[in-house]
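Undergrad: Requesting a structural model of the entry that follows:
(3 chains)
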Amino acid sequence: MMATTATPPTSNDVTSIVPKKGARARPLFDPPIVKRAVGDSFLKLNPRLMMKNPVMFVVEVGALMTTILAVRDFAAGAAIAGFTFQITLWLWFTVLFANFAEAMAEGRGKAQADTLRKTKTETTARRVRNGSAEIVAATQLRSGDVVIVQLGETIPGDGDVIEGIASVDESAITGESAPVIRESGGDRSAVTGGTKVLSDWIRVKITSNPGETFLDRMIALVEGAERQKTPNEIALNIVIAGLTLVFLLAVVTLYPFAVYSVAASGSGTAPSVTVLISLLVCLIPTTIGGLLSAIGIAGMDRVMQHNVLAMSGKAVEAAGDVNTLLLDKTGTITLGNRQAVEFIPVGGVGESELADAAQLSSLADETPEGRSIVVLAKQRYNIRGREVAEHEAHFIPFTAQTRMSGVDLDGRRIRKGATDSVVEFVHEHGGTVPTELMDVTDRISRSGGTPLVVADRERALGVVHLKDVVKGGMRERFEQLRAMGIRTIMITGDNPLTAAAIAAEAGTDDFLAQATPKDKMDLIKKEQAGGRLVAMTGDGTNDAPALAQADVGLAMNTGTMAAKEAGNMVDLDSNPTKLIEVVAIGKQLLMTRGALTTFSIANDIAKYFAILPAMFMTTYPVMSKLNIMGLHSPTSAVLAAVIFNALIIIVLIPLALRGVKYRPMNAGALLRRNLLIYGVGGVIAPFPGIWAIDRLLGLLGLA
Amino acid sequence: MKQLMIAVRATLVLALVTGVAYPLLVTGLSQLIFPHQANGSLAPVHGKIVGSELIGQRFTKPQYFHGRPSAAGNDGYDAIAPGGGASNYGPTNQKLVDRVQADMKTFRAENPTFTGPVPADLLTTSGSGLDPDISPASAEAQAGRVASARGMTVEAVRQLIAAHTQGRQFGILGEPRVNVLELNLALDQAAGAK
Amino acid sequence: MTWPALGQLAIFVAMLVAITRPLGAYMAAVYSGKRTFLSPALSPLERAIYRACGINPAIEQTWTSYAAATLLFGLVNFALFYVLLRLQGFLPWNPQGFGTARAPAGSLPVTPDLAFNTAVSFMTNTSWQSYPGEMTLGYFAQMAGVGVQSFTSAAAGMAVAVALIRGFIRERTGFVGNFWADMTRSAVYVLLPISFVGALFLCSQGVIQCLRPYLQVATVEGAAQTLPMGPVASQESIKLLSSDGGGFFNANSAHPFENPTPLTNLLEMLLMLAVPAGMTYTFGRMVNDRRQGWTLFAVMLALFGAGALAVTWSEQAGNPILSAAGVEHRPGLGQAGGNMEGKETRFGVGASALFSVVSTASADGAVNSSHDSFTPAGGLVQLFNLTTGEVIFGGVGTGLVSMLFMVVVTVFIAGLLVGRTPEYLGKKVEAKEMKMVMLSLVATSGVVLVLAGAAFLMRFDRGSYWNPTPALTENLTNHGAHGLSELLYANASAAATNGSAFGGLNANTPWFNLTLGLAMLVGRFLVIVPALAIAGCLTRKKRLAVTGGTMPTYGWLFGGLLVGTIVLVTALTFLPALALGPIAEHYLMHLGIPVR
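TA: The predicted structure follows:
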């Protein structure tokens, strides 16, 4: 059978690891989402929901109290009623804005989920049992059932292709409209329910029960309803809750101090409850308190936009911490398939004899390399494909242990495979290997190719030269990773010489050659023992233990179920370089949290300079020296601060949802940059903001 | 629990070592090596102890140099005053301003020949209430009164002041100061010698 | 600012820097159980103590049993001191007869609430004294009570710091060390030898050391003066070294018998900061990265230096209200000048200001001047130092611990800023650690604010047990903004386990004795227990490797960030109270407005 394999879709820009919009990105403020979010903001006012967020709960309680005070002031006809009413209004706005942020983030996720749900329409399946086919509803399928899916039909559930090869449209899952090939055997056998067969037919063994398919899991993930707080988020929540408590105590105890000072100075009045609540709300970190959950949800959403299914938020954060990346050579660093480019006979053997033997041993070879050998033999030496049945051929499949494959027929024992394996085979049969064989294999290896030695019993026939091609832009990406302090290690089954050449060409920090699954496992354990966090990609079942051992395991969607279960993330595009994007998204998520926390706390300085003089000017007139913004009245100062506090949440929603811009830099430079923007910026920004709002209030005569 | 027993034993053992053995050892050695300092740097005059070089005492008579005001006890310089030795007046306390103004008036009345600004230490109380020193400027301010009360020349008095002025330790630590008791004893000695 | 004052500051800093490394290295060796140059003399004593107490130094403890040991040790010490105080009438070396029928007039009886407060105070390494020592305690109570508590509380604090350091060194164990061994080693190898040498030096300069009764003399003018006596030098050196700070006499280090010369003043300041500074080097040495230790030292020094300059400058500028009344405040012309109220002549403004900053930063609490009489700006710096929670060098052991808490907070935020989950010295900082740190911060700040606020609100019946007057504000000597400062200072000092005071507050009433005692317990044990819990958590974690992606926790950037975090957290919490206290007073003073 001839086969062409389409290369898996790669990221559009391979030179930068800054995450670009994924395939399914949507505009930030989609009108229907906004509308739904506005409604949700009010629904989220339920105290039982608000209690989960201590900071905003305090604001809500404060808003309730000022509402009562406003009513009382209106009833009494007090002059201050207008001020109290406006404060109340803006406190409620603060809570609503925070709810809006969370609702927006959830809404975008829900929209995603709704799109996914549409693909879960009533599908029917053609189940095969005991040789006969029957039509059943997709929901009646169980793990282990076998179905046949034909041209134009939708695959009814997650499974493995056990027979056949087809072109499949996976856009429902991946968003990519370019069709992919799914075929039995090899590493591209997994199919996902909800995708459509575009050509030929396949026989699929279902591997998941209804409700547990990947589609279901994706929906649950993006809906965020059962979202668990990640450990880092819990820790940050503790910090801001602690700060809230401290500020609460500071504001509450301010009252007795003020009463004493008023008595001592003989003038002025102690600040009212409304003003105290305003001060409290301004001090507690409402900016980060309101946006924290939105950041987390948006972060997971961004991961999804890049077509990665993360099992938990913790996995994404762990990705941000990774020190070492293990990358497979084939398909990740190099274009997936090596091609046979020449036959080099040794020891006086003729080229066509070599080609003939090579082709024979590759007939049952399902791999692209094997197929390319067959193709090359046909193209160069006109050796046609033959019916092998008549020869009683016994095919020896390739195994990771022997690293050889071949065929036994007509008394011949033809093997092709790794140099040392075949050489040993020759020696076992009492033959010797001509020295020029080693020269040839060395030459090929050093040039970055892979030599496949072909032998027939005790005779070494020659070498097939397979060439590998490094993908474009990999060097630049590894540079960026190095700048971030991440070490890259290339894993390959190639011999050390070949591996070294390719690693040098691609620019990885290190490589592991002739890697068996055990070698991979040992490498991961060694790195972890050295205190480093390891990320790796994999697809085969033999990758499962390593994927489980690694701190971040990214399984290819086309990989086996075992691999997908073992890892903590699945790349629906089956693109191993996606790991690099996931690392960047993880870091971006953490950075966004840090940036907004810093900004939120830094804001407090300006708010003190606004509210303290306002509170105490009547008691100690000299306190007006602290009014460095020149706010025009105590009421306008307090109101301006509260309004700024509320509006800053809305202003920062896009930043929370999009995430802070991430640049690959080393830690010191990153710290300097972010401190400048969010720390110093956070100190400075409220001053002009509150001043401007104060002026506006004065102009409008509102305070 | 076992830890409680260890705690009790450790407390008692350490109390013995650090609370009895250590101070007794230091006492023994100090009495041996530095008896004058260890026993209070006492100032004997003709065999009678009139005070300690380190502890200030009250001088009110015109022929003696006066020390700083003292809030220790009702009359000042009471080393066992139950209320402590400091005024504890904050800088904005009206009582402080009143007291300083009153003391200023008294000073001007007692020292009519001195017309310069009154040095700060002479109008302020010390933290301990037992300050034995005054600044050289404060001594200079009183020199006129003391000289006329004793019938000495101001120059002679100034010489005595200079002789008993301690400069900064090692030229940089602390402040220059005059020990009032020492100076007054020296004055008495000079008068007695005549 | 005068040149000599700047010179004194420079000399002090130079000497501090010079002793930090050798002392720190020595302590690192002691806690690792290695031999040092004093081992031949002192290890027999160490072993004797182990035998007498039944201590096996090789047994490793988990954080819970380490904490239990610390708490039990504190409890027993408290009990011993309490009994000593109440029963001192029956004890030897009490020539004045305190606590008996023949006690002199004006002496202070040790009531149960005073005994409670004093015992708690010294056991928590605070040394808040609501009593005048020379009129309350006999020599035995001073030596075996106050002196012993200074040793034991200091040794306990140092042990806790070492346990926390071990949290960063060890991995995957869960054992933090042996409290009894750490405590004994602190006392035997560090506290005793330095105290001993310090005591003899102080005595040579004039600090008294005797056991005779108080001396009655007739002054030159014929008045009667009683000179108090006592074993002061031995207590003076441990009082400062231990960061306990409880003076023999009421005037503390302003008393000429406790601090007679500018040289003793310099030594006393050095003693206060020696161990806290040395511990930063010990930390760096034990975690095998000296840059970390020096970074902490530099941060502490920067905050300290800024405070010292500010106070000195403010005190030298003097009191404008008094200057307006005709008092000469300019230096030179043979006088120190400046705000001399409450200060000693031999120290002048420079050495008094410096001492006050050393004392309020270091959680020692000794004073060589009357803090209540400082200018508002000076008082502001002192209050600020207290409210930072003793991180500017701080107390022995607990200073390093408090600073490490602030480091953890800083690392948490900064770690997020570089896109990594936070980690410090290879240990991940997670929810549990943050919970402990925030608990400590909230408790120690909260107790100050709540108790101060309550003090302003409480009203008692006249003649009630709790306070002789209905309003606690009547216990204040100064009113208005300065009065607020007095009350705030008392609570801040207690919660920071400092022990210095604005002396104008009459705190020897059951209300204050009990509430300040409570504040001290919170300030001490809600730092120690969370620290041990964190140590336990950390020792169980894996140690991660340092890579290019790790945020550097040394150097100018991190140091600056740490300074900023400390200042910001403190300022944001206490700005309202400080605004109504020293800040308002400062403006009022410059307007020339005194308060009745």
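Undergrad: just the strands in chain C please.
TA: Using DSSP state E, the strands of chain C run over residues C:61-62, C:175-177, C:215-218, C:224-227, C:327-328, C:423-424, C:427-428.
Undergrad: ok, and does the last one reach over to chain A?
TA: No: if you take CB under 8 Å from any CB of the partner chain as the test, strand C:427-428 misses chain A, and the best it gets is 8.6 Å. Any C-beta I mention is one placed from the backbone N, CA and C, and that applies to glycine too.
Undergrad: Check which strands are paired with that strand and give the direction for each one.
TA: Within its sheet, and counting by DSSP bridges, strand C:427-428 is paired with strand C:423-424 (antiparallel).
Undergrad: low pLDDT regions in chain B?
TA: Across chain B, the ranges flagged by pLDDT under 70 are B:193-194.
Undergrad: In terms of secondary structure, what does the helix or strand bottoming out on mean pLDDT in chain C contact?
TA: Taking mean pLDDT, DSSP states H and E as the measure, the helix or strand of chain C with the lowest value is strand C:327-328, at a mean of 84. Applying 3 or more CB pairs under 8 Å, 6 or more residues apart in numbering or on different chains; DSSP states H and E, one finds that strand C:327-328 contacts strand B:118-119, helix B:120-123.
Undergrad: deepest of these, which one?
TA: Using mean count of other CB atoms under 10 Å in any protein chain shown, the stretch among the helices and strands packed on strand C:327-328 with the largest mean neighbour count is helix B:120-123, at a mean of 28.
Undergrad: Determine how far that helix lies from the middle of the whole chain.
TA: Its chain's average C-alpha position is 14 Å from that of helix B:120-123, according to CA atoms, centre = their mean, to the nearest Å.
Undergrad: after the helix or strand where residue A:237 lies, next one along is what?
TA: Residue A:237 is part of helix A:231-265 when elements are defined by DSSP states H and E. Toward the C-terminus, helix A:231-265 is succeeded by helix A:273-283 as the next helix or strand (DSSP H and E).
Undergrad: For that following helix, which residues meet the burial criterion?
TA: Neighbour-count burial for helix A:273-283, counted by 16 or more other CB atoms under 10 Å in any protein chain shown, picks out A:274, A:275, A:276, A:277, A:278, A:279, A:280, A:281, A:282, A:283.
Undergrad: now check the next helix or strand after that helix, is it near chain C?
TA: Note on helix A:273-283: by DSSP H and E, the next helix or strand toward the C-terminus is helix A:286-305. No: where contact is defined by CB under 8 Å from any CB, no part of helix A:286-305 touches chain C; the two come within 10.3 Å at best.
Undergrad: List the contacts of residue C:256.
TA: B:52, B:54, B:55, B:56, B:128, B:130, B:131, B:132, C:206, C:344 (CB atoms under 8 Å, 6 or more residues apart in numbering or on different chains).
Undergrad: do that again at 6 Å, thanks
TA: By CB atoms under 6 Å, 6 or more residues apart in numbering or on different chains, the contact set of residue C:256 is B:54, B:55, B:130, B:132.
Undergrad: Contact partners for the third one?
TA: Spelled out, it's residue B:130. Contacts of residue B:130 were listed using CB under 6 Å, 6+ apart, and they are B:55, B:56, B:79, B:85, C:256.
Undergrad: By proximity to chain C, which residue of chain B wins?
TA: In chain B, the residue that lies nearest chain C is residue B:174 (2.7 Å; CB to the nearest CB).
Undergrad: For chain B, which residue occupies the most central location?
TA: Computing the C-alpha centroid of chain B and ranking residues by CA atoms, centre = their mean puts residue B:132 first, at 1.5 Å.
Undergrad: and that residue, what does it touch?
TA: Residue B:132 makes contact with B:54, B:56, B:179, C:256, according to CB under 6 Å, 6+ apart.
Undergrad: List the beta-bridge partners for residue B:44.
TA: Beta bridges link residue B:44 to residue B:49, judged by DSSP bridges.
Undergrad: and the buried residues of helix A:273-283, which two are the farthest apart?
TA: A:274 and A:283 (15.2 Å; CB to CB).
Undergrad: Within its sheet, name the partner strands of the least confident helix or strand of chain C and how each one runs.
TA: Sheet pairing here is set by DSSP bridges, and for strand C:327-328 it gives strand B:118-119 (parallel).
Undergrad: Between which two of the contacts of residue B:132 is the distance greatest?
TA: Greatest spatial distance in the contacts of residue B:132: B:179 and C:256, 10.4 Å, computed using CB to CB.
Undergrad: quick check: longest helix of the chain.
TA: This is for chain A. In chain A, taking DSSP state H as the definition, the longest helix is helix A:81-119.
Undergrad: look at chain C instead
TA: helix C:510-540.
Undergrad: now do chain B
TA: Scanning chain B for the longest helix, with DSSP H as the assignment, gives helix B:94-110.
Undergrad: So which elements touch it?
TA: Packed against helix B:94-110 by the contact rule (3 or more CB pairs under 6 Å, 6 or more residues apart in numbering or on different chains; DSSP states H and E) you find no helix or strand.
Undergrad: at 8 Å instead, please
TA: Contacts defined by 3+ CB pairs under 8 Å, 6+ apart place helix B:94-110 against strand B:118-119, helix B:120-123, helix C:320-324.
Undergrad: Run the chain-centre distance for the shortest one.
TA: Here the centre of strand B:118-119 is set off from its chain's centre by 18 Å, with CA atoms, centre = their mean.
Undergrad: and if you look at the longest one?
TA: Relative to the mean C-alpha coordinate of its chain, helix C:320-324 is positioned 33 Å out (CA atoms, centre = their mean).
Undergrad: looking just at contacts, which helices and strands does it meet?
TA: Contacts defined by 3+ CB pairs under 8 Å, 6+ apart place helix C:320-324 against helix B:94-110, helix C:584-590.
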